[in-house]
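Q: The following comprises the amino acid sequence and a computationally predicted model.
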Amino acid sequence: MRRSGHTSQQNKEWSLFIKTFEDLQEIASRCNIDEVTEILLYERIYSNTSKEYCELFTDIVIRDLFGKIGNENFQYIEEMILKKDDNRSEQSLVIYIKIAKMHGEHQLKVLNFIERNHQAFSQNQKVLCCMLFDEILSHSPQTLRIKKLLNVKEYALSYGGDDLAENNQTNTNNSSGKKWWKFWK
């Protein structure tokens with residue numbers, strides 16, 4: 001019998017959630033946090049589950065699994081953040097900032113990494129940092145200093161390949177000089 005208020009899709013998502021979380025606990029017990037990171041990235045980028053499920057899954061996995069690791073085990077996620085792969089690097093950054101929020105013992109390391117490497121970030125990564133800092137780490141004086149370094153004027157994400165840090169030009173529509181989001185004018 002179906003519980004009231006739950007669709008069959010929601011029941012499938014919960015079943016998948018429980019099974020996947022059990023599998024992740026097994027992987028994490030072997031201390032392979034890189035595999036856990038890959039699973040989170042896959043879920044955030046490619047899964048067809050709801051956004052609410054994805055965020056809940058990410059938050060629970062980070063809360064329960066990433067607190068058990070030492071600072072030296074973050075090399076993989078840091079490398080993913082610095083790669084020039086828009087989706088993976090952006091979602092790796094989101095995961096890393098969420099780790100800082102949920103595990104205070106890692107917050108200084110995460111914020112120091114962002115401060116040291118902010119110049120290598122794409123514009124989207126800078127915007128994501130500012131948005132997440134405002135949402136989940138607004139209490140930290142270090143985030144205020146990093147936000148000044150990031151120098152984000154507008155919280156707008158752009159996609160389409162012109163978002164690399166070394167390309168600081170404004171996205172335009174062909175050669176008309178219009179910003180990409182004003183293509184219809």
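A: All right, it came through fine. Numbering: from 1, shown residues only.
Q: Residues contacting the least confident helix or strand in the chain by mean pLDDT, please?
A: Least confident helix or strand, the chain: helix 8-29 with a mean of 72, by mean pLDDT, DSSP states H and E. Residues from elsewhere that reach helix 8-29 (CB atoms under 8 Å, 6 or more residues apart in numbering): 2-3, 35-36, 39, 43, 49-50, 53, 56-57, 60-61, 64-65, 68. To be clear about C-beta, it is placed using only N, CA and C from the backbone, and glycine gets the same treatment.
Q: Am I right that Cys129 is in contact with Ile146?
A: Yes: contact status for Cys129 versus Ile146: in contact at 7.0 Å, counting by CB atoms under 8 Å.
Q: Next, show the common contact partners of the two.
A: 114, 118.
Q: Of these two, give the one with the bigger neighbour count.
A: Cys129 (25 against 20; other CB atoms under 10 Å).
Q: now the helices for this structure?
A: 8-29, 33-46, 51-65, 75-82, 86-102, 104-117, 123-136, 141-150 (DSSP state H).
Q: Report all helices and strands that the shortest one contacts.
A: Okay, so that is helix 75-82. If contacts are counted by 3 or more CB pairs under 8 Å, 6 or more residues apart in numbering; DSSP states H and E, helix 75-82 sits against helix 33-46, helix 86-102, helix 104-117.
Q: Can you say which of these is nearest to Phe133?
A: The minimum distance between Phe133 and these falls on helix 86-102, with 7.6 Å, by CB to CB.
Q: Tell me which residues touch the residue nearest the centre of the chain, please.
A: With distances taken as CA atoms, centre = their mean, the chain has Val94 as the residue nearest its mean C-alpha position (1.8 Å). The contact partners of Val94, by CB under 8 Å, 6+ apart, come to 44, 128, 132.
Q: can you pull the contacts of the first one?
A: Under the criterion of CB under 8 Å, 6+ apart, the contact partners of Arg44 comprise 54, 58, 91, 94-95.
Q: Let me have those residues in CSV, extended by distance to His139 and pLDDT.
A: Shown next, in CSV, are the contacts of Arg44 (distance: CB to CB, whole Å; pLDDT from 0 to 100):
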residue, distance to His139, pLDDT
Cys54, 26, 87
Thr58, 21, 90
Gln91, 24, 95
Val94, 19, 95
Ile95, 20, 95
